[in-house]
Structure formats: C-alpha cells, structure tokens
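**Student:** Could you look at this predicted model? Sequence included:
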Number of protein chains: 2
Amino acid sequence: MSEFDDAIRTIRTGDTAQGTLGDGWVVGGGINGGLLMALALGALREPMVETGAGPDVLTWSAHFLSASTPGPVLASTMVLRVGRSIASGQVSLHQEGQERLRVVASFTDLAERASVVHRSQPLPDLPPPQECVPARREAGGLSEKIAILDRFDLRLDPACAGFGIGRPSGAGELRGWLRLADGREPDVLALTCFVDSFPPVTFDLGAFGWAPTIELTGHVRSRPAPGWVAVRISTSNVIGGFFEEDCVLWDSTGAVVAQSRQLAGVRMPESA
Amino acid sequence: MSEFDDAIRTIRTGDTAQGTLGDGWVVGGGINGGLLMALALGALREPMVETGAGPDVLTWSAHFLSASTPGPVLASTMVLRVGRSIASGQVSLHQEGQERLRVVASFTDLAERASVVHRSQPLPDLPPPQECVPARREAGGLSEKIAILDRFDLRLDPACAGFGIGRPSGAGELRGWLRLADGREPDVLALTCFVDSFPPVTFDLGAFGWAPTIELTGHVRSRPAPGWVAVRISTSNVIGGFFEEDCVLWDSTGAVVAQSRQLAGVRMPESA
C-alpha cells in the first residue's frame, strides 16, 4: 500500500465512509485540497460503481466550505442520477459536525470510450524532470510547514522557478513535473489530487501568501499512463482579490489526462 | 418587466420556490441551460442575502441531471455555509419529481470588492456588432426549433460565422456579441445565462448535433456595465466524445465580467 492510497482510504458503512486526514498532507492552514478531493471521490466511487456506472471520475466540482485539519473525517455519499453511460453523485466531507467540502461528480468508463482524439493541447516545451528544479522541504525556510512537499516529487521548469529565490517571472504560469514520492503510479484518483498539488500560480506573480480555494472543478479526459505527469498552471485574471487557476495535466505519453480550474482568493503585494 | 426577468421569476415559500419554464427558451432537446442556471441562482439569491451575504453570484457549478421541458419547475434551496464575506448554498431544480439540475454556488458583494484589476484577458479583436452576422431564427431551416434565438440579439464575428453556410472555420472558436432582445441590460444573473447562450463551439468544428452539457462551472468577476456583452467560446480538447467549452464575457467597457467552462458530449463527423 502506498502512502497516497493509505491517506485516501475510507471504511464504508452504507452511505457513509470514515477516513483519517494525516499530518503528512498539511499545507499552509489545512489539509491539501487535492488530497481532500481524492479522498472524497474515492469514497464516492464504490457507491457509483454499484449503480452500474464506470469506475472513472469524469467531472467533479468541489466547493471548499471550511478548513480541514488532521484527524478523523466522515464522507457522506448520495447517488443523484444513473444514466446510460454516466452516473452522477454527491459526496460531503465532515469533521466535528462541520461540512468541509461538498463535491458533485459524474463517473463513467473512460476505457470504454473510443480513445479518438480530435484535438488536444500539446505538451508544453518543458525540460526533462532531471533538468528541472526539485521543490523540497527545507528546515528554517518558508517550505518547512509544507508537509506535502514530502509526499510528491515535484520538479519546476527553471524558467518559472524564480519565485523560490524571490524572483517570480511575473508571467502567471508555473510548469513542471509531478509524481508521488513513494513511486506509486498515477491513476484517475491521483489526477484529482495532482490538479491542486502545485504551489499557487500567484507565487509567480510575487504573491507568496496562502491562496484559499473557494471552488475547483476538474475533468478527467483519459486514464493516465505510468510515469511522470506534466503540469501547467496559469492565471489570466486577477481581479478584486480573486484569481482563477487553470491546470492541465499530461501523462508520460503526452496525452491530456485532466484539466481543472479553481477560483481562489489572493492578497496581491502593493507593488504588483 | 422584461421577458428574461419573467422567465427566471420564482415565487418563494421558505426553502422552495416555484417557477415556470417557458416555450420561448427551448433549444434542441430541452430548455436552454443558461436560462435554467439563471432561474436556479435567482431562486437561491434571496435565501443567501438573508444570511448577510452579498447579492452577487461569485462562483457556481451546475450539474445537468436530466432534460428540462416547458412547464412548472420547483427550486429547493439550502444554505451550506456563511463566512465573513462569502456564503455558499445549493439549489436543485425538479420537474415531476425528477431532479433536473443541481447547483452549488457562492455569493458575495462584488461592489464591495476593491475593483483593482491586476491582470485580465483583453477583449478579442472583434468587429462592432453592426458589422457582425445576426443569428436569427429562420422558417424551414435548422434554426427553426431554436426558440431562444428570439430571446437574444446574438451577433457572430464574420470570421467564425462560416458554420451557418456549411463552412466551419475549424479553429474551435466562436466570437461575437450578445444582449437580451428586449433591451434589458445585463446584470450578474444575465451573465450566468449568457455563458451558455451561444451555439455550441463544436459547430465551428463541423459537428452540428446537439451538445448536451454534463457540467458547467462559472465565475462572475465583476458586475457588468450596460450595453453589449462580448463573448468568446473556445475548445482545446475534443477527446473520446467529450469536449470542454471555455467562455469569457466582457462588458461594454472591456472588463472581464464572467468566465465559465463546461464539459459536454459531442458526436464528431467522420471526416473531422
């Protein structure tokens, strides 16, 4: 069992499932949003598969309602609709009676889908992982409290890694590679975590504060092949204290495997 | 009262509200998704404002569960969380006991927000409305059953209007202008309709079938000024029978006022 599988594992009793949020997935003020989404969608998968739906998340919308903390978590699931090839459901995460996260999602069988690609975003021009800058946790630095850096092997394209030494590019884009530190290969649930595992794109704009996600919606476009996942996150609109962060994930064959957009809050530095 | 206000009006009794879906908003197999979202979010607004939240939709995720038909519709609302400046809620639309649409949304006061724009997508290079191609309903044509064409004044940039004469550009992008036909000025609720009021972007790829929306998530970034709204919809990934449609709306001052992404189904022609 990998530490990721361990972290998202839940024990189901009917429409509820019990899990535990580990210290190792803390980032800033709470548990990493990617891990929460993967745990929630993992808890929803079995009830969805029981309806006859496929096992793959196709689309999910996650609304972050309050900050999660390490400790027990309860997932409540609900089947909303069972269609011919797509089923929809809802899952809520609660801690101490407070709702943390509400997710509405659709499941399908992505393997059954004709894998015909009419158009897709090309993999960005990116140096190979061994020529990228590893994002590691360092004692005494800003990264010390970002426990999740130990869970991933995260490599940044040097062209956008300047924020680490106080020189953000200002382009509003981060690119790089991601895989789980324990070597577990990516699958659909890992993708639902990966879309929210990079540092906030606003780091590249010189805003180094925590960027709380209000809502994140993602689409899984294909099951990923084993290996590194390429990641690009970007923002085009930073308005009135909110920004959108768009994420695209490509697997090691260069296929688009997932995309997401989140709206998050940001406090921009005066000079930006 | 405008026909749009009339169409989204609901009569509230506690946590439910009753409305009517009019024939005039039919498109393809059902009621236009934009109208449904505006009606649902309109029904949620009053319960949200009562919590002390602002009156503006900030972000919403809409999952389309079954096809709506003209006739009575019931909206059930629920407050999920009340924060310092943002409140979240849920609204479901039902017809004849069947859930049509489930929306989770956040509300805030967009006027209170510092209107500081750090970056935003520039208005695309677009001929003025009077030099664009009006999308009108024509007897005997494909557009005859698209009743909503009478509800909008919709103008397409001639550069991407080729699909109307069987010559789609193949770029995967439609641009143009939109306003309500009765002259009612845009507001936040109208924007939640406008993001799903253009023809499917797949028309520009030669796929002229109905493109059923699975899920649509939108963000309102600013209250719109009066006048025409500029619209750009585009798609970058058409994979295994699904495509994403990204929409950006600008108001008459050139400000980004809303953006959305939907995942929808498409049957591509063999030749594409």
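**Tutor:** Sure thing, it's come through.

**Student:** Now for chain A, the helix or strand with the poorest mean pLDDT.
**Tutor:** One helix or strand of chain A scores below all others by mean pLDDT, DSSP states H and E: strand A:26-27, with a mean of 91.

**Student:** Name the residues that touch that strand?
**Tutor:** Contacts to strand A:26-27, defined as C-beta atoms under 8 Å, 6 or more residues apart in numbering or on different chains, come from residues A:32, A:70, A:145-148. For every residue, glycine as well, the C-beta is placed using N, CA and C.

**Student:** From the contact counts, what lies against the biggest helix by length in chain A?
**Tutor:** For chain A, the helix with the greatest residue count under DSSP state H is helix A:33-50. The contact analysis (3 or more C-beta pairs under 8 Å, 6 or more residues apart in numbering or on different chains; DSSP states H and E) places helix A:33-50 against helix A:3-8, strand A:16-21, strand A:56-64, strand A:71-82, strand A:87-95, strand A:98-108, helix A:188-194, strand A:213-220.

**Student:** neighbour-wise, which of the contacts of strand A:26-27 leads?
**Tutor:** Sorting the contacts of strand A:26-27 by how many neighbours each has (other C-beta atoms under 10 Å in any protein chain shown) puts A:Asn32 first, at 24 neighbours.

**Student:** ok, so what distance separates that one from A:Leu41?
**Tutor:** Separation of A:Asn32 from A:Leu41 (C-beta to C-beta, to the nearest Å): 14 Å.

**Student:** Excluding sequence neighbours, find me the nearest residue to A:Gly33.
**Tutor:** Spatial nearest neighbour of A:Gly33, chain neighbours left out: A:Asp196 (4.5 Å); criterion: C-beta to C-beta, 6 or more residues apart in numbering or on different chains.

**Student:** any idea how far the one you found is from A:Gln18?
**Tutor:** Separation of A:Asp196 from A:Gln18 (C-beta to C-beta): 23 Å.

**Student:** Name the residue in these two with the higher neighbour count.
**Tutor:** When A:Asp196 and A:Gln18 are compared on other C-beta under 10 Å, the one with more neighbours turns out to be A:Asp196, at 25 against 14.

**Student:** Show me what counts as buried in stretch A:206-218.
**Tutor:** A:206-208, A:211-218 (16 or more other C-beta atoms under 10 Å in any protein chain shown).

**Student:** Quick one: end-to-end distance for that stretch.
**Tutor:** Using C-alpha to C-alpha, to the nearest Å, the end-to-end distance of stretch A:206-218 comes out at 26 Å.

**Student:** That one vs chain B: in contact?
**Tutor:** Yes - Stretch A:206-218 is in contact with chain B by C-beta under 8 Å from any C-beta of the partner chain, via A:214-215, A:217.

**Student:** Can I get the helices and strands packed on helix A:33-50 in JSON lines including mean pLDDT?
**Tutor:** Below are the helices and strands packed on helix A:33-50 laid out as JSON lines (pLDDT from 0 to 100):
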{"stretch": "helix A:3-8", "mean pLDDT": "98"}
{"stretch": "strand A:16-21", "mean pLDDT": "98"}
{"stretch": "strand A:56-64", "mean pLDDT": "98"}
{"stretch": "strand A:71-82", "mean pLDDT": "98"}
{"stretch": "strand A:87-95", "mean pLDDT": "98"}
{"stretch": "strand A:98-108", "mean pLDDT": "98"}
{"stretch": "helix A:188-194", "mean pLDDT": "98"}
{"stretch": "strand A:213-220", "mean pLDDT": "98"}
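
**Student:** And these: which comes nearest B:Asp56?
**Tutor:** Among the helices and strands packed on helix A:33-50, the nearest to B:Asp56 by C-beta to C-beta is strand A:213-220 (13.4 Å).

**Student:** What values do phi and psi take at the closest residue to A:Pro269 other than its chain neighbours?
**Tutor:** Of all residues not flanking A:Pro269 in the chain, A:Gly206 sits nearest, at 5.4 Å (C-beta to C-beta, 6+ apart). When read as degrees, to the nearest 10, the backbone of A:Gly206 gives phi 80, psi 10.

**Student:** do A:Phe198 as well
**Tutor:** As for A:Phe198, its main-chain torsions (degrees, to the nearest 10) stand at phi -80, psi 160.

**Student:** swap in the one 10 residues further on?
**Tutor:** The main-chain torsion angles of A:Phe208 are listed as degrees, to the nearest 10 and equal phi -90, psi 10.

**Student:** That one and A:Phe163 touch, don't they?
**Tutor:** Yes - A:Phe208 is within contact range of A:Phe163, at 7.4 Å (criterion: C-beta atoms under 8 Å).

**Student:** Now A:Leu154: which helix or strand?
**Tutor:** According to DSSP states H and E, A:Leu154 maps onto strand A:152-156.

**Student:** thinking again about what came up before, relative to B:Ser61, which of the helices and strands packed on helix A:33-50 is closest?
**Tutor:** B:Ser61 lies closest, by C-beta to C-beta, to one member of the helices and strands packed on helix A:33-50: strand A:56-64, at 3.3 Å.

**Student:** quick one: that closest one to strand B:87-95, angle?
**Tutor:** Interaxial angle of strand A:56-64 relative to strand B:87-95 (axes from the mean of the first three to the mean of the last three C-alpha atoms, to 10 degrees): 130 degrees.

**Student:** quick one: buried residues of stretch A:173-183?
**Tutor:** Across stretch A:173-183, burial judged by 16+ other C-beta under 10 Å covers A:173-180.

**Student:** Below-threshold pLDDT in chain A: ranges please.
**Tutor:** Scanning chain A with the threshold set as pLDDT under 70 gives A:114, A:271-272.

**Student:** Could you list the residues of the stretch 51-200 of chain A in contact with chain B?
**Tutor:** A:58-59, A:61, A:63, A:65-66, A:80-81, A:86, A:88, A:90, A:99, A:102, A:104, A:106, A:110, A:113-121, A:172.

**Student:** from these, which would you call buried?
**Tutor:** Burial by neighbour count, judged by 16+ other C-beta under 10 Å, picks out A:58-59, A:61, A:63, A:65-66, A:80-81, A:86, A:88, A:90, A:99, A:102, A:104, A:106, A:110, A:113, A:118-120, A:172 from these.

**Student:** returning to that earlier point: columns distance to A:Val229 on top of the helices and strands packed on helix A:33-50, output as a markdown table?
**Tutor:** Listed next are the helices and strands packed on helix A:33-50 as a markdown table, based on distance: least, C-beta to C-beta, whole Å:
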| stretch | distance to A:Val229 |
| --- | --- |
| helix A:3-8 | 13 |
| strand A:16-21 | 23 |
| strand A:56-64 | 16 |
| strand A:71-82 | 25 |
| strand A:87-95 | 24 |
| strand A:98-108 | 20 |
| helix A:188-194 | 6 |
| strand A:213-220 | 12 |
